[in-house]
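K.L.:
structure for the following, please:
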Amino acid sequence: MKLFNTIHSKWLNKGLQINNKKHKAISKNISNVNNPNYEKKSTNFADELTIAEENTGLNSTDNEHITQHTYDWGPIPRDNREGKVNLTKQMTEMAENQIKQRFSTVRLRRYYQGLGKSIKGKIG
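P.N.:
Just a heads-up that it's a prediction; the model follows:
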């Protein structure tokens, strides 16, 4: 039903999927911190967002809209040893990702609660 499958809900769900993918990569890195032959896994949010834009059919129709060319994610944190796992940085990334995951979950829950209230005809 179109009411439950809007662009807004698709983006909220995609955000959860991206955060989940990043969580899995970070978890794998942390679990292999003592493995000298392990190469660190990473998830690039900008790349994931570009894929999501292509898959959802979201189009930029205004010069003020965010496009792939205007993303500014700031400096990308790198571990001290290229390809190796820095536990402190991975734990920091995990905490940041958990905050983003919680935010996405709360937004999606509120979205569906709002729809439920609208269907029932309740205001508050």
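K.L.:
burial count for residue 37?
P.N.:
For residue 37, the count of nearby residues is 5 (other C-beta atoms under 10 Å). Glycine gets a C-beta too; all of them are placed from N, C-alpha and C.
K.L.:
now do the helices in this structure.
P.N.:
7-31, 45-56, 87-120 (DSSP state H).
K.L.:
could I get these as TSV with mean neighbour count and mean pLDDT?
P.N.:
Converted to TSV, these look like this (neighbours: other C-beta atoms under 10 Å; pLDDT from 0 to 100):
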stretch	mean neighbour count	mean pLDDT
helix 7-31	17	88
helix 45-56	14	64
helix 87-120	13	90
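K.L.:
among those helices, which is nearest residue 37?
P.N.:
Closest of the helices of the chain to residue 37 is helix 7-31, at 13.5 Å (criterion: C-beta to C-beta).
K.L.:
that older thread, what would the helices of the chain look like in a markdown table with distance to residue 38?
P.N.:
Listed next are the helices of the chain as a markdown table, based on distance: least, C-beta to C-beta, whole Å:
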| stretch | distance to residue 38 |
| --- | --- |
| helix 7-31 | 8 |
| helix 45-56 | 22 |
| helix 87-120 | 12 |
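K.L.:
for residue 39, find the nearest of these.
P.N.:
helix 7-31 (9.5 Å).
K.L.:
which strands and helices sit next to the closest one?
P.N.:
helix 45-56, helix 87-120 (3 or more C-beta pairs under 8 Å, 6 or more residues apart in numbering; DSSP states H and E).
K.L.:
and the last one with helix 7-31, angle?
P.N.:
For helix 87-120 against helix 7-31, the angle by axes from the mean of the first three to the mean of the last three C-alpha atoms, to 10 degrees is 150 degrees.
K.L.:
quick check: residue 94 vs residue 12, distance?
P.N.:
Noted for residue 94: a distance of 21 Å to residue 12, by C-beta to C-beta, to the nearest Å.
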